[in-house]
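S.K.: heads up, no residue letters with this:
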């Protein structure tokens, strides 16, 4: 007797790209595409598998939910047969995911898909701040010739120290690139086993120990109970005066008001901030106009190639799910 078709919640955009790949992943098993806005309420309630692709999320944030994403959330909450959800993002810290996991729904992410891009963005921020690009670009806008001489001359990156907080795929790549530029890297993560040869490694609760000698604090960790509010005013005060902060993790990992004050006082020499406690960042935030801040709109991981990489992870996981095998990037 043939098994019943698997109802899969998917956007029209993703379906048009992945339909044949889903056929291959499920092999001989039948499936039914459930597209919000096209499927009726009875079909929506039957969903067993869901793929939240980037086009569904769009410009939505944890603070502001887009209509397309809300439509998916509504289906996920009403589908009592739901067994597994895969998301295009590297993290699963949006409130919907703990809610689903509490119901016994399996959640997987696309961790690793955008890791090279996040690493390029983070290291790009390091290079831009190190080479005084914000000041140079301000001078360019003013048509002012301002060579990096005297007090403005930047120190060499080689020989400086960077603390990389988080050692997933993006963190590892950031560490590799920073070492290429001659920086000494210390790793802070959830376990203390050495991250690699010549890489001092500490757990999150020991972050303070490695900050007094750090020229750079690079945050690329997931948002968890251990990392929420990890970098507060006391942590920032432990850094050498004039150190730099790069945050491509989550806004909630830092106390934003403490970062703002540290930038104003000169305790932080500058920052590259891609994530914020409330997104979009309010137009009234002083961070927009600070001369020593590179501010980007949670875009560190955006790249044209991400759709294909995320799709590959989802299709591989779908094949594993259909076979009862272990899936990649399972949220525990």
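M.R.: Nice, thanks for sending it over. All of these numbers come straight from a predicted model, not from anything done at the bench. Residues are numbered from 1 along each chain as shown.
S.K.: what about residue 129, which SS state?
M.R.: helix (DSSP: H, G, I helix; E, B strand; the rest coil).
S.K.: equivalent analysis for residue 164, please.
M.R.: strand.
S.K.: give me the beta-bridge partners of it?
M.R.: Counting by DSSP bridges, residue 164 forms beta bridges with residue 187, residue 218.
S.K.: ok, now how distant is residue 185 from residue 15?
M.R.: Counting by CB to CB, to the nearest Å, the separation of residue 185 from residue 15 is 43 Å. Backbone N, C-alpha and C define where each C-beta goes, glycine included.
S.K.: out of the two, which sits in the busier spot?
M.R.: residue 185 (23 against 17; other CB atoms under 10 Å).
S.K.: which stretches in the chain count as helices?
M.R.: Secondary structure of the chain by DSSP state H: the helices cover 12-26, 41-44, 54-57, 67-78, 96-102, 115-130, 133-141, 169-180, 233-238, 256-265, 306-323.
S.K.: who touches the fourth one?
M.R.: Residues outside helix 67-78 that contact it (CB atoms under 8 Å, 6 or more residues apart in numbering) are 9, 11, 34, 36-37, 44-45, 47, 50, 52, 55-58, 60, 65, 82, 85, 96, 99-100, 105.
S.K.: for it, buried residues please.
M.R.: By 16 or more other CB atoms under 10 Å, the buried positions in helix 67-78 come out as 68-69, 71-73, 75-76.
S.K.: now the residues you listed in JSON lines, with distance to residue 289 and pLDDT?
M.R.: Output for those, formatted as JSON lines (distance: CB to CB, whole Å; pLDDT from 0 to 100):
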{"residue": "68", "distance to residue 289": "33", "pLDDT": "92"}
{"residue": "69", "distance to residue 289": "31", "pLDDT": "96"}
{"residue": "71", "distance to residue 289": "37", "pLDDT": "95"}
{"residue": "72", "distance to residue 289": "36", "pLDDT": "97"}
{"residue": "73", "distance to residue 289": "35", "pLDDT": "97"}
{"residue": "75", "distance to residue 289": "41", "pLDDT": "97"}
{"residue": "76", "distance to residue 289": "40", "pLDDT": "98"}
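S.K.: with adjacent residues omitted, what lies nearest to residue 214?
M.R.: Distance criterion CB to CB, 6 or more residues apart in numbering; nearest residue to residue 214, sequence neighbours excluded, is residue 163 at 4.6 Å.
S.K.: how near is that neighbour to residue 110?
M.R.: Between residue 163 and residue 110 the computed distance is 26 Å (CB to CB).
S.K.: more crowded one of those two?
M.R.: residue 110 (27 against 24).
S.K.: distance-wise, check that one relative to residue 15.
M.R.: 18 Å.
S.K.: residues contacting the residue nearest to residue 214?
M.R.: 185-188, 207, 210-211, 214, 216-218.
S.K.: any of those residues buried? List them.
M.R.: By 16+ other CB under 10 Å, those give 185-188, 207, 210-211, 214, 216-218 as buried.
S.K.: including distance to residue 236, could those go into JSON lines?
M.R.: Shown next, in JSON lines, are the buried ones among the contacts of residue 163 (distance: CB to CB, whole Å):
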{"residue": "185", "distance to residue 236": "20"}
{"residue": "186", "distance to residue 236": "17"}
{"residue": "187", "distance to residue 236": "20"}
{"residue": "188", "distance to residue 236": "15"}
{"residue": "207", "distance to residue 236": "11"}
{"residue": "210", "distance to residue 236": "14"}
{"residue": "211", "distance to residue 236": "9"}
{"residue": "214", "distance to residue 236": "11"}
{"residue": "216", "distance to residue 236": "13"}
{"residue": "217", "distance to residue 236": "8"}
{"residue": "218", "distance to residue 236": "14"}
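S.K.: returning to that earlier point: mind putting the helices of the chain in JSON lines, distance to residue 227 included?
M.R.: Formatted as JSON lines, those follow (distance: least, CB to CB, whole Å):
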{"stretch": "helix 12-26", "distance to residue 227": "31"}
{"stretch": "helix 41-44", "distance to residue 227": "35"}
{"stretch": "helix 54-57", "distance to residue 227": "22"}
{"stretch": "helix 67-78", "distance to residue 227": "24"}
{"stretch": "helix 96-102", "distance to residue 227": "15"}
{"stretch": "helix 115-130", "distance to residue 227": "16"}
{"stretch": "helix 133-141", "distance to residue 227": "27"}
{"stretch": "helix 169-180", "distance to residue 227": "12"}
{"stretch": "helix 233-238", "distance to residue 227": "12"}
{"stretch": "helix 256-265", "distance to residue 227": "15"}
{"stretch": "helix 306-323", "distance to residue 227": "23"}
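S.K.: contacting residues for the spatially closest residue to residue 184 that is not a sequence neighbour?
M.R.: Counting by CB to CB, 6+ apart, residue 184 lies nearest to residue 161, which is 4.7 Å off, once chain neighbours are set aside. Neighbouring residues of residue 161 by CB under 8 Å, 6+ apart: 183-186, 213-216.
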